[in-house]
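Trainee: Following is a predicted model, sequence given first.
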Amino acid sequence: MPLSSDDEQRIVRAIESAEQRCSGELRVHIQAKCTGEPLKDAQRVFTKLGMHQTELRNGILFYIALDSRKYAVLGDTGIHAKVGQAFWDEIRDAMAVHLRAGHLIEALEQGIAQAGSALAEHFPHQGAQDRDELSNEVSRG
């Protein structure tokens with residue numbers, strides 16, 4: 001199921017909205033198939049996208065393998081140290097409700113909003129000195 005340009009714009013708007021409140025970086029990566037475990041694939045994509053190179057190590061990746069019907073949410077070491085594994089499980093479970101109903105965009109919007117709230121709490125926006133370190137566009141594999 002390829003995303004329409006409207007769907008992609010909804011995802012980008014969700015990312016932009018979340019990033020306006022924090023100094024973190026959010027990305028969405030979509031590919032057809034998961035080559036193994038979704039978390040391992042997400043870690044590979046995380047590195048490929050340079051998400052581990054943010055200054056505060058507070059990037060979050062939403063990895064979706066459409067045809068395989070698998071996904072993962074992966075946070076870098078800075079944000080993970082603040083929120084712990086239970087937080088990622090919470091996002092995963094909240095997204096699952098939408099995904100089971102076939103609502104991918106709503107799942108991503110929900111997950112991005114939750115991640116953005118945690119980033120805003122632990123890494124608030126730094127005003128004029130805050131810079132967008134990574135693209136907000138949906139990446140593809």
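Mentor: In hand now; what should we look at?
Trainee: After the longest helix seen in the chain, which helix or strand is next? Please name it.
Mentor: Secondary structure assigned by DSSP state H gives helix 77-100 as the longest helix of the chain. Using DSSP states H and E, the helix or strand that follows helix 77-100 in sequence is helix 104-122.
Trainee: C-terminal to that next one, what's the next element?
Mentor: Once helix 104-122 ends, the next helix or strand along the chain (criterion: DSSP H and E) is strand 139-140.
Trainee: which regions of the chain lie under the pLDDT threshold?
Mentor: Low-confidence segments of the chain, defined by pLDDT under 70: 1, 128-131.
Trainee: and residue 74, what element?
Mentor: Secondary structure from DSSP H and E places residue 74 in strand 70-75.
Trainee: which helices and strands does that strand pack with?
Mentor: Contact here means 3 or more Cβ pairs under 8 Å, 6 or more residues apart in numbering; DSSP states H and E; on that basis strand 70-75 packs against helix 38-48, strand 59-65, helix 77-100, helix 104-122. (Glycine included, C-beta is placed from N, CA and C.)
Trainee: what does the third one contact?
Mentor: Counting by Cβ atoms under 8 Å, 6 or more residues apart in numbering, helix 77-100 makes contact with 24, 54, 56-60, 69, 71-75, 104, 106-108, 110-111, 114-115, 118-119, 122-123, all of which sit outside it.
Trainee: Repeat that for the last one.
Mentor: Contacts with helix 104-122, where a contact means Cβ under 8 Å, 6+ apart, come from 1, 3, 7, 10-11, 14-15, 17-19, 21-24, 26, 28, 58, 60, 62, 64, 66, 73, 75, 79, 82-83, 87, 90-91, 94-99.
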